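Novice: could you work out the structure for the sequence below:
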Amino acid sequence: MPGVVLTAVGASPGAVVPPGLLVALADSPAGTDSRTWGYLTEDTVVGTVVCRLGRATAGHA
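Specialist: Sure, this is the predicted structure:
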């Protein structure tokens with residue numbers, strides 16, 4: 001679980017997201033996401049994956 005949402009969901013460091021719940025993070029630190037809302041249920045998320053991006057590796061942007 002991302003450390004930035006621990007307080008919002010009432011969890012301790014090392015906790016994992018419970019089954020059936022999701023954590024959403026905005027792409028901007030100023031965005032509204034699970035840091036404000038807490039956990040989301042699977043049925044509250046609606047969207048279509050258009051493209052999956054790989055993670056950046058050390059030395060690459």
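Novice: and the end-to-end length of stretch 15-35?
Specialist: Between the opening and closing residues of stretch 15-35 lies a distance of 15 Å (C-alpha to C-alpha, to the nearest Å).
Novice: correct me, but residue 9 touches residue 39?
Specialist: Yes. In this structure, residue 9 is within contact of residue 39 by C-beta atoms under 8 Å, at 5.5 Å. Backbone N, C-alpha and C define where each C-beta goes, glycine included.
Novice: pull up the overlap in contacts between the two.
Specialist: residue 23 (C-beta atoms under 8 Å, 6 or more residues apart in numbering).
Novice: check what pLDDT the most centrally placed residue in the chain gets.
Specialist: Most central residue of the chain, judged by C-alpha distance to the mean C-alpha position with C-alpha atoms, centre = their mean, is residue 24 at 3.1 Å. Per-residue pLDDT puts residue 24 at 91.
Novice: so it, which of the three states?
Specialist: In terms of secondary structure, residue 24 is coil; the call rests on DSSP: H, G, I helix; E, B strand; the rest coil.
Novice: likewise for the one 4 residues further on?
Specialist: Counting by three-state DSSP, the backbone at residue 28 sits in coil.
Novice: relative to residue 35, how far out is it?
Specialist: Distance check for residue 28 against residue 35: by C-beta to C-beta, to the nearest Å, it reads 11 Å.
Novice: could you pull out the strands for this structure?
Specialist: When secondary structure is read from DSSP state E, the chain shows strands at 21-22, 40-41.
Novice: identify the residues contacting the first one?
Specialist: Residues lying outside strand 21-22 but in contact with it, judged by C-beta under 8 Å, 6+ apart, are 34, 39, 40, 41, 42, 45.
Novice: still on that earlier bit, residue 28 and residue 35: who's more crowded?
Specialist: For residue 28 against residue 35, the residue with the higher neighbour count under other C-beta atoms under 10 Å is residue 35, and the figures read 19 against 8.
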